[in-house]
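Peer 1: could you look at this predicted model? Sequence included:
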Amino acid sequence: MPELGRRVVHASGAGFPGLYVCSLVDWPTLRLILVAFAGTAVALEVLRLSVGLDWAVYDRLTREYEQDNPAGYALYAVSMAGVGVVFSPPVAVPGMLMLAVADPVGGLLGSAGVREWKAPGVVVATFGVSFLLAAPFTVDARGPTVGVLAAAVGAVGAAAADGYKPRVFGFVVDDNATIPVLGCLGVATVFALT
């Protein structure tokens, strides 16, 4: 049940770009919402890690390696806000959706330990979901040829981030931090080069 709960919470983040896609908020307003969300998450993590704020929800929604490291939800909030602030909607929205939707799909299909690759089929499935999520936004932004290439390169970044979890300087680099960043960098690079 904790794993399913994490996936549901993860997918609910699609509501953030959904607000923009459904024209419920404009892009500057969404950026402010994302920054407020990230600021709240960071403040809660500082309290949790420094003074021991111990809510029951942390026990259910955090993994063992997150007990003494920043939890995935905070990395999720910061990375989503980061790509929202740095990139324009045709780049940022795909990255956000890759994090909110493709990551839980990849997680349901399979997992791997730190410094291990997920099974190839899981990585391919994550790529496919990421590509399908990115294509409508990238194709509309730059036309079919460039858009499909941008979606594919972004999906490679997201699938790689989901497929492998490195440890850097003793800290596990959670895919909640890397999926939207690598997905957006892939899309933005293709846009910049074409």
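Peer 2: In hand now; what should we look at?

Peer 1: okay, buried residues for the strand or helix carrying residue 128 please.
Peer 2: Using DSSP states H and E, residue 128 maps to helix 120-142. Residues of helix 120-142 classed as buried: 122-123, 125-127, 129-131, 133-139, 141-142 (neighbour count, 16 or more other C-beta atoms under 10 Å). To be clear about C-beta, it is placed using only N, CA and C from the backbone, and glycine gets the same treatment.

Peer 1: one more: stretch 166-173?
Peer 2: 172-173.

Peer 1: coming back round to it: and the helix holding residue 128, how far from the chain's centre?
Peer 2: Centroid separation for helix 120-142 versus its chain: 13 Å, with C-alpha atoms, centre = their mean, to the nearest Å.

Peer 1: and stretch 155-170, by the same measure?
Peer 2: The answer for stretch 155-170 is 11 Å, by C-alpha atoms, centre = their mean.

Peer 1: same question, stretch 25-36
Peer 2: For stretch 25-36, the distance to the chain centre is 17 Å (C-alpha atoms, centre = their mean).

Peer 1: which residues does it contact?
Peer 2: The contact list for stretch 25-36, computed with C-beta atoms under 8 Å, 6 or more residues apart in numbering, reads 16-17, 19-20, 77, 80-81, 84-85, 88-89.

Peer 1: go on, stretch 103-115?
Peer 2: Against stretch 103-115 from outside (C-beta under 8 Å, 6+ apart): 3, 6-7, 10-11, 65, 118-119, 121-123, 125-126, 129, 158-159, 162-167, 172, 175-176, 179.

Peer 1: helix or strand right after the worst-scoring helix or strand of the chain on mean pLDDT?
Peer 2: One helix or strand of the chain scores below all others by mean pLDDT, DSSP states H and E: helix 56-61, with a mean of 56. Using DSSP H and E, the helix or strand that follows helix 56-61 in sequence is helix 72-86.

Peer 1: for the residue lying farthest from the centre of the chain, what are phi and psi?
Peer 2: Taking C-alpha atoms, centre = their mean as the measure, the residue most remote from the mean C-alpha position of the chain is residue 51, 27.6 Å away. Backbone torsions for residue 51, taken as degrees, to the nearest 10, come to phi -110, psi 0.
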